Structure formats: structure tokens, C-alpha cells
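**Student:** Mind looking at a prediction? Sequence and model below.
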Amino acid sequence: MLLAAVLVLPSPLRAGPELGPLRTIAIQDGGRLKPLDTFARETARRVSGAVPFTGGESVRGLDPMEWLLAMMADPARWRQEPIVKVSHAGVRASAGLPPKADQRYSFAELTTHAGFLAAADKVHEKLRQDREAKLDPVEREVSSLYDTLAVMAGIFSGEALRIVPHPTDKNGAWFSLADLDNVAQPPIQRIKTLTAALIAAYQSDDRASLGAAASALSRRLAELAPATYPPAKELGVEVQYNRIKPFRLAWIAYLFGFLLLLASFPLGARWAGRSGLGLVLLGFALHACGMGLRVYISGRPPVTNMYESVVWVAWGAMLFALVFEAVYKARYFAVAAAGLATLCLILADNVPILDGSIEPLVPVLRDNMWLTVHVLTITLGYAAFLLAMGLGHVNLGLYFFAPGKTALFKTLSLFLYRALQVGTLLLATGTMLGGVWASYSWGRFWGWDPKETWAFIALLGYLAILHSRFVGWIREFGMAVGSILGFLLVLMAWYGVNFVLGTGLHSYGFGSGGYVYVGGFVAFEVLVIVAALLRRRAEEAKKRPEVPAPGKLQPAS
């Protein structure tokens, strides 16, 4: 077996330029062709879990690409390393895993643990009986963990590393490194020799030989089937996207822009406002660049999963804010949107349930025209509501801490009203377009699917807010509170249906987890609303004339 040699490695080799050619090797994985660098990063995140605010994706201090090579070179060592994070408490409880402070277990420990294997067998038996069976959150996590271990086993054996294109059949499945022992074709055997040389160079810590073997292997693979091998430019763009992390750069720019804009109000410093707006514009450009790269890599609009929709909604909120800034030149739009965009991108960058992997589309989403007009429209509506919610918080902040600024309060309420109007128009349009797409895909315009129902409920909620404002039932204070309550309805349609209910025809967006984050946000917003209502009640009580006690004589006027 090609990868069977096991040697004790010296001190870990630091990732350097010698690993560069390996990063752009194409691998057939997950239904698409991607760079080996992407596969390594996705696997590292999947195995070790997202580590917030670390700035890297290392495993035991190793760059993902280097870690992948180390796994191939020394499988015996990495089977024993406690690197697999099992963060879901329900999985640990159902499998009876021993408690660990860092929640990390080794491949060998999990694959021989009777409790975990029994839990996995139970899930697999359920799916064998009914392929469409609904798994609860714990069962989904057990299944995901089992799949992660299968990927690790495939790396140890070479079966997961399908990097060798079929030299004659352009539609044929690619060969894995494990297949090379069974293919006698001379070109394939040269690949086997180069792979063995690569591993030997890594095991001996020979940087020069490692770089030479990596370059030769990358070149030989591309020459093996030039008609089917992805262009070097496409592979290179995705590797650069992985390295640059444009959304991380964007939230850093947004954060400093937000802080400068916020400071410009009490300081009255024009330079702070201009600098803050400049940083916000820089963050917006980086944000747009990141989405443009994802569109180039995937060939579709960037709104097909929760990660992409969070990133897109944050960008849409900033877009609307900048448009309003161009019209009103008030800076309040920019400061509200910058704060919200920072929060959204930090969550996308660090929360485990928001997986940034680029996956192939399910069949129902493969119509780019409908995907663009329906999903982009409805999520742009979410973006306008997100901006409105931010302005609602600014308004309530003024109500609490600067109650004397009634003119500013009314001005911001007008801004809030405009954002709600834009959002309602887009949500109504997106919902109707969704019905047309449903008729095209599923044969019916409307079926009260949970996703459809909650989108309709959110639309009715915002229509009620706008109508109440139009007829005078609510004013500035009611608009601010309504913008927050309305966004909780959006949150249910956006997150709740996919991650809490987990039922309906929109199953391609289902997931699990994030309950603490979302529950904490909802609890915070409820507290804000309750505090605002109590403050409002106290203010009205102060203005109410004092009623004399019964029988008490009033002095003559």
C-alpha cells in the first residue's frame, strides 16, 4: 500500500512556499472539483471545530495543507491525536462519551467506542428504513460526526483523496490515491511514484525535495487530462480567496469605521466622521469583493445557505444605508449599518453552524434565474429590515439617554419608516416570485409550507406596522418598537424554520445548532422592548395631571 509506511516525524514542518503547488491541485470532492487547499481547510474545520477569533485554521499548530500531508505520512500518530471536537452535549450524552474539558477525542477512541457506534447504527438503521426520515438535532450531529470520521479514515487510506483525473474518460470518476495500486497504466504509475516521493520528503523534513516533488506532482496531474482538469486560474482564485479571507478584512474595516463614526457625534469632529465613512466604504468594497469571488468560484448567486445569506443580508443593509446616506447625508444610517454588518460578519466568521464551504446546488435550486430573482429579492428585504431594526435601536437609545432631542428622534423615525417601506416592498415581491417559482418547480403556487407561511406572517407583521403608522395608531416610539418586533418575525422565517422546525419542502436549507446565539439575541431584544415600554409608561405617568383624593377641597382659583 502506497501510504502504509509509518515513520516517526521530526518537529513539524512549518508551511512555506514548498507547499504552494499542493494547494492548487484539484480534488474531486463533495460533488465538485476544488483545490486541495480548500479540501484541507474544510476538513480541518470539520474535524477540529471552528475556533473563534484565532485568525487561523491550524490543527495542532499545523497549517491545514501541512496537516493533511502529515495525516497521509503518519496515520498511526494522527489516529491517536485527540483532535476531533464533539461540541454537541446531546451527542456526548447519547453516545456515553467520557467527559473532557476541551471536548476533543481521538479518531481511535471514537471508532472503537461502543456507545457512539451504537448511536450511529441507530441513525443509519432509521435512514435505511426510510431515506426521507426526519432526523432530530442529536441524530443529525451523530450522523455528521460519523461522516467526519469516515473522511479521516479516507485520508489515512488515501480513498478520500481523489486527485487523479481519468486520463481517457472525461466523465469518469477520478482515481483516489488508494486506487493507484490497482491501476497499471504508466501515467498513473508515475503519479504513484511522485506521491511516494512527496511523502518521503515530508517524513525526512527535506524542504527542497518536498517543493520539487509537489511541483512535479501538480504539473503531472494537470497534464494527465487537460480537457477535464480545472484551469490553473480558477484553482488559484479559490486558493487566494481562502488565504485573503475578504469577509474577515471587511468586518475589521467596518468595526473601526463604526467606532470612528460613533465617536464623531459626541466629539463633533469632522475628521472622525469622514475617516469612519471612508473605512465603512473600504469594508463595503472588501465585502463586495468577497461575494464576487464566491460567485466566480461557484457560478451562482451567493445566497444558497445560511452562511451566504447572513453575509449577503449584511451587505444589503450596508448598500441601503449608503444609498440613504447619499440622499440624507446624516451618518446615522452608516453607523447603524456598520455596527450590524460587523456583527453579522463576525458571526459568519466564527459561529460553527455558519459553514462557509461552497457546495453544489440541490436540483431545485439549479435554475439561476429563479434563484436570483426570488432569493436575492426576499433577502434584500431582510437586509432593509435589518437596517430598520438597527435604526430602531438608535431611536430607542435616544429615547433613553437623550430624551430632549425630539427633532432628531422624529428625523430618525422618518429614516426608519423609509427603510421599512423598502423592506416591505421587497419582501412582498420576493414572496410572490417564490410562489411563481414553486408553481414552476413543485406544480403549485402556494401550499402553506412552513417557509412560505412564516414569510407571509412576517409580511403581514410589517404591513400592520406601516398601516398603523399611516393611520396614526402608532408614532415614533411605536415605529422603533415595531421594527424590532418585526425583525423577530423575519428571524423565525429565516432561521427558525430551517434550524428549529426543520420541516417542509425547503429542506435544502435545514440545519441544527445556534440555539444559544439566537435565543440570547431574542432574549436581549425582548428585554430592550420591555425596558422601553416601562420607560414609556413612567414618562406618561409624569405627564398625567394629579387627581385629588376624594373629599379633599381644592383652593379657590
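**Tutor:** The structure has been received and is ready for your questions.

**Student:** Count the neighbours of the residue nearest to Ala232 when sequence neighbours are not counted for me.
**Tutor:** Nearest-residue entry for Ala232: Thr24, 6.5 Å, with adjacent residues in sequence omitted and distances by Cβ to Cβ, 6 or more residues apart in numbering. Placement of C-beta: from N, CA and C, glycine included. Other residues near Thr24 number 21, with proximity taken as other Cβ atoms under 10 Å.

**Student:** Mind pulling up the pLDDT for Tyr328?
**Tutor:** Here the pLDDT value assigned to Tyr328 is 83.

**Student:** picking that back up, I'd assumed Ser218 was in contact with the residue nearest to Ala232.
**Tutor:** Yes - using Cβ atoms under 8 Å, Thr24 is in contact with Ser218, at 6.4 Å.

**Student:** wait, what's in contact with the residue nearest to Ala232?
**Tutor:** Pro35, Leu36, Asp37, Ser218, Ala232, Leu235, Gly236, Val239 (Cβ atoms under 8 Å, 6 or more residues apart in numbering).

**Student:** List buried residues within these.
**Tutor:** Taking 16 or more other Cβ atoms under 10 Å as the criterion, what is buried in the contacts of Thr24 is Pro35, Leu36, Asp37, Ser218, Leu235, Val239.

**Student:** Can you flag which of those belong to strands?
**Tutor:** Pro35 (DSSP state E).

**Student:** And the residue nearest to Ala232, how close does it get to Glu42?
**Tutor:** Remark: distance between Thr24 and Glu42 (Cβ to Cβ, to the nearest Å) = 16 Å.

**Student:** same deal with Met72?
**Tutor:** 16 Å.

**Student:** Then Val310?
**Tutor:** 18 Å.

**Student:** One more: Gly423?
**Tutor:** Taking Cβ to Cβ, one finds Gly423 at 34 Å from Glu42.

**Student:** Which one's more surrounded, these two?
**Tutor:** Gly423 (31 against 22).

**Student:** Now that one. Nearest residue, chain neighbours left out?
**Tutor:** Ala384 (3.2 Å).

**Student:** ok so that neighbour is a strand residue?
**Tutor:** No - assessed by DSSP: H, G, I helix; E, B strand; the rest coil, Ala384 does not belong to a strand; its assignment is helix.

**Student:** Can you tell me the element the residue nearest to Ala95 when sequence neighbours are not counted falls in?
**Tutor:** Counting by Cβ to Cβ, 6+ apart, Phe116 is the residue found nearest to Ala95 once chain neighbours are left out, at 3.9 Å. If you go by DSSP states H and E, Phe116 is part of helix 114-129.

**Student:** give me phi/psi at Asp205?
**Tutor:** phi 60, psi 40 (degrees, to the nearest 10).

**Student:** who touches stretch 118-129?
**Tutor:** Residues from elsewhere that reach stretch 118-129, judged by Cβ under 8 Å, 6+ apart: Val91, Ser94, Ala95, Ala133, Leu135, Glu139, Val142, Ser143, Leu145, Tyr146.

**Student:** please redo it, this time with the cut-off set to 7 Å
**Tutor:** Ser94, Ala95, Ala133, Leu135, Glu139, Val142, Ser143, Tyr146 (Cβ atoms under 7 Å, 6 or more residues apart in numbering).

**Student:** do stretch 424-443 as well
**Tutor:** 364, 370, 373-374, 377-378, 380-381, 384, 444-446, 455-456, 458-459, 462-463, 466, 505.

**Student:** again with stretch 166-179
**Tutor:** 2-3, 28, 157-165, 183, 185, 187-188, 195, 224-225, 227-228.

**Student:** Can I get the buried part of those residues as one ChimeraX selection?
**Tutor:** The ChimeraX selection below is limited to those of the contacts of stretch 166-179 classed as buried (16+ other Cβ under 10 Å):
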select :2,3,28,157,158,160,161,162,163,164,165,183,188,195,224,225,228
